[in-house]
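K.L.:
what follows is a protein structure lacking sequence information:
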């Protein structure tokens with residue numbers, strides 16, 4: 001069955017995520033981050049930050065919820081039984097700090113077919129409460145046998 005490309009350009013409602021100190025610490029511990037700015041408020045403040053700093057890949061925590069509606073959108077037409085994670089790419093802006101409120105919006109950037117596989121590319125744009133883009137993500141899913 002050929003891929004449906006009509007959903008390219010479709011955006012989904014923004015998702016707000018309040019960055020909590022304990023979530024940042026939990027994430028840092030889970031991924032083996034040991035830099036004190038990720039774990040200790042006083043170390044973060046001594047480094048010039050208002051609170052603990054979120055490790056860069058914490059972006060998945062605050063942005064994945066915005067991408068999910070696109071992946072599950074029938075207009076996009078992903079066959080989950082044949083879906084593989086193709087990759088992620090992120091470009092970061094200002095640091096994310098505990099206490100920030102991050103709003104992420106996702107858009108279908110590309111749907112294509114090559115070599116019997118469908119490629120579904122989403123873009124997420126995450127902004128902090130000051131309107132600064134803290135992270136732009138590209139999320140690629142591959143579907144076999146289209």
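P.N.:
Yes, it's here. What you see is a predicted model; the values in this text were computed from it and never measured. Residues are numbered from 1 along each chain as shown.
K.L.:
give me the most central residue, the protein.
P.N.:
residue 63 (3.3 Å; C-alpha atoms, centre = their mean).
K.L.:
give me the phi and psi angles of the closest residue to residue 76 other than its chain neighbours.
P.N.:
Of all residues not flanking residue 76 in the chain, residue 7 sits nearest, at 4.7 Å (C-beta to C-beta, 6 or more residues apart in numbering). Just so you know, the C-beta spots here come from the backbone N, C-alpha and C atoms, and that holds for glycine as well. The phi/psi pair for residue 7 (degrees, to the nearest 10) reads phi -80, psi -10.
K.L.:
show me the contacts for residue 7.
P.N.:
70, 73, 75-77, 108, 111 (C-beta atoms under 8 Å, 6 or more residues apart in numbering).
K.L.:
just the buried subset of those residues, written out for ChimeraX, thanks.
P.N.:
Selection of buried members from the contacts of residue 7 for ChimeraX, criterion 16 or more other C-beta atoms under 10 Å:
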select :70,76,77,108,111
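K.L.:
can I get the contacts of residue 7 in TSV including distance to residue 90, pLDDT and secondary structure?
P.N.:
Output for those, formatted as TSV (distance: C-beta to C-beta, whole Å; pLDDT from 0 to 100; DSSP: H, G, I helix; E, B strand; the rest coil):
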residue	distance to residue 90	pLDDT	secondary structure
70	17	95	helix
73	22	96	coil
75	26	95	coil
76	21	95	coil
77	26	93	coil
108	18	98	strand
111	21	97	strand
